[in-house]
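K.L.:
Dropping the sequence and predicted coords here.
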Amino acid sequence: MATKAILEIRNLHVAVDGKEILKGVDLTVNAGEVHALMGRNGSGKSTLSYTLMGHPRYEVTEGEVFYHGQNLLELTTDERSRAGMYLAFQYPVAIPGVSVSNFLRTTVKGRRGGDLPVKEFRKELKQLMANLSIKDEFLSRYVNDGFSGGEKKKLEILQMALLKPELALLDETDSGLDIDALRTVAEGINTLKTADRAILLITHYQRMLDYVTPNFVHVMQGGRIVKSGDSDLARELEAHGYDQIAPELAGSAL
């Protein structure tokens, strides 16, 4: 059975405010695969995720990106989301005055293109909340307003579970999590791994990969992917650092 490419990135160059950040990224992500993207601060990891979701600040100056064979760069951010892409933010923003319950229901309605019966929606939501150890009172709170780091990341994974994306981009979801929250979030990610879904997991540290086992690990430095391998590569990074993995780019940052 032939593999199904969900995301294809070819020689992608991206500039922010006239400064080139991505300098020729090549990456193919197939259905059913988890890819971990690792690298120092400033290596271009988050820039790649924002570019893929269509943030207007990020200017593609060269290269191509295809999503299910379609030119992704021709789609608006909203169209990318409706097509099945999802971005979990490293720093989720607070939305005072908007309850988590209303936010989630509106989001799901927009993605699925129609209203869900309240009973059906609540049943699905409660099951997913139980999987992530989220209490019922969470729903009446305002989105990310006064949330701990762990609560913010759990809400991101809860949204992803409800939206059922085909391509999930997780930008440093492990950032700021204690060990218990990390384990819970990782378990939530693992429940979403299916043969039809692809996950691009952006992280600094190997610790997340103790719980979410990637098919491929990529090292990004200087705006390019400089090395790829399996989960052993992440352990090699943890043991020896980035300079040993790609000495020709040692110390490079943006």
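P.N.:
Looks like it arrived, so ask away. Nothing here was measured: the structure is a model prediction, and the numbers come from that model. Numbers count the residues shown, from 1 in each chain.

K.L.:
Can you pull out the low-pLDDT segments for the chain?
P.N.:
1-3, 244-254 (pLDDT under 70).

K.L.:
And the strands in it, which stretches?
P.N.:
5-16, 19-30, 34-38, 58-67, 70-71, 85-88, 95-99, 142-143, 167-171, 198-203, 216-221, 224-229 (DSSP state E).

K.L.:
Among these, which comes closest to residue 111?
P.N.:
For the strands of the chain, proximity to residue 111 was assessed by Cβ to Cβ; strand 85-88 is nearest, at 8.9 Å. In this view, the C-beta of every residue, glycine as well, is placed from N, C-alpha and C.

K.L.:
tell me how far the closest one is from the chain's mean position?
P.N.:
Taking Cα atoms, centre = their mean, to the nearest Å, one finds strand 85-88 lying 6 Å from the centre of the chain it belongs to.

K.L.:
And stretch 39-49, by the same measure?
P.N.:
From the chain centre to the centre of stretch 39-49 is a distance of 12 Å (Cα atoms, centre = their mean).

K.L.:
Over to that stretch now: how far is its first residue from its last?
P.N.:
14 Å (Cα to Cα, to the nearest Å).

K.L.:
Over to stretch 38-46?
P.N.:
Stretch 38-46 stretches 10 Å from its first residue to its last (Cα to Cα).

K.L.:
In that stretch, which residues are buried?
P.N.:
Judged by neighbour count (16 or more other Cβ atoms under 10 Å), stretch 38-46 contains these buried residues: 38, 39, 40, 43, 44, 45, 46.

K.L.:
For residue 124, which of the strands of the chain is the nearest?
P.N.:
In this view, those are compared for proximity to residue 124 by Cβ to Cβ, and strand 85-88 is the closest at 16.7 Å.

K.L.:
Would you mind writing the CA trace of the closest one as CSV?
P.N.:
Written as CSV, here are the backbone C-alpha positions of strand 85-88 (Å, rounded to 0.1, in the frame of the first residue of the first chain):
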residue,chain,number,x,y,z
MET,A,85,-4.8,21.6,9.9
TYR,A,86,-4.4,22.6,13.5
LEU,A,87,-1.7,24.5,15.4
ALA,A,88,-1.3,24.2,19.1
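
K.L.:
Each with direction, which strands does that strand pair with?
P.N.:
Applying DSSP bridges to the sheet, strand 85-88 is found paired with strand 167-171 (parallel).
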